[in-house]
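Student: Build me a model:
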Amino acid sequence: MHLRYSGWASRKLVDAARALPSEDLHKPLGVSHNSIAQTLGHIYLADRWAEKAWELAEAGWPEIQKKWEDWAASQDDAGLARVVTYKGMDGKTFENQASHLVMHVVNHATLHRGQVMAMLRQVGVKPPATDLLFYYREPK
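Tutor: Just a heads-up that it's a prediction; the model follows:
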């Protein structure tokens with residue numbers, strides 16, 4: 001459910017970003033990853049774990065989101081509790097439960113979506129409502 005929420009909220013901001021003039025989308029705003037496009041691209045990259053540009057993020061996000069949701073739907077309690085070994089960006093090895101990694105992905109995107117919302121306000125655009133309660137309220 002949290003992965004579906006994260007995808008829903010990210011889609012809302014991508015839709016808002018699509019409506020922006022290019023100069024506002026790429027305007028340096030001094031928040032997070034500098035511009036709306038770069039911050040949304042950063043969220044996408046973290047969700048995807050590969051380097052792509054904003055244009056690829058805009059087009060590729062639904063596919064990545066579906067992969068996360070399909071993976072989550074295929075997991076049982078044991079699958080979510082299993083320990084995953086991985087390397088951080090600094091090369092150090094870490095171990096966490098799969099469910100903890102999922103919550104990190106969701107929380108990471110939430111942090112940066114909030115920054116994009118602030119940047120949208122800076123360019124004069126009212127951001128969409130992306131709080132978790134709005135997700136719960138929206139018909140599925």
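
Student: Next up, the contacts around the residue most central in space within the chain.
Tutor: Averaging the C-alpha coordinates of the chain gives a centre point, and the residue nearest to it by Cα atoms, centre = their mean is residue 109 (3.6 Å). By Cβ atoms under 8 Å, 6 or more residues apart in numbering, the contact set of residue 109 is 6, 9-10, 43, 46-47. C-betas here are computed from N, CA, C, even on glycine.

Student: worst-scoring helix or strand of this protein, pLDDT-wise?
Tutor: When the helices and strands of the chain are scored by mean pLDDT, DSSP states H and E, helix 54-73 comes last with a mean of 83.

Student: Could you list the low-pLDDT ranges of the protein?
Tutor: For the chain, the stretches with pLDDT under 70 are 49-57.

Student: Which parts of it are strands?
Tutor: For the chain, applying DSSP state E gives strands covering 83-87, 93-97.

Student: could you say what helices and strands the first one packs with?
Tutor: Strand 83-87 sits against strand 93-97, helix 98-122, with contacts defined as 3 or more Cβ pairs under 8 Å, 6 or more residues apart in numbering; DSSP states H and E.

Student: Understood, closing this out.
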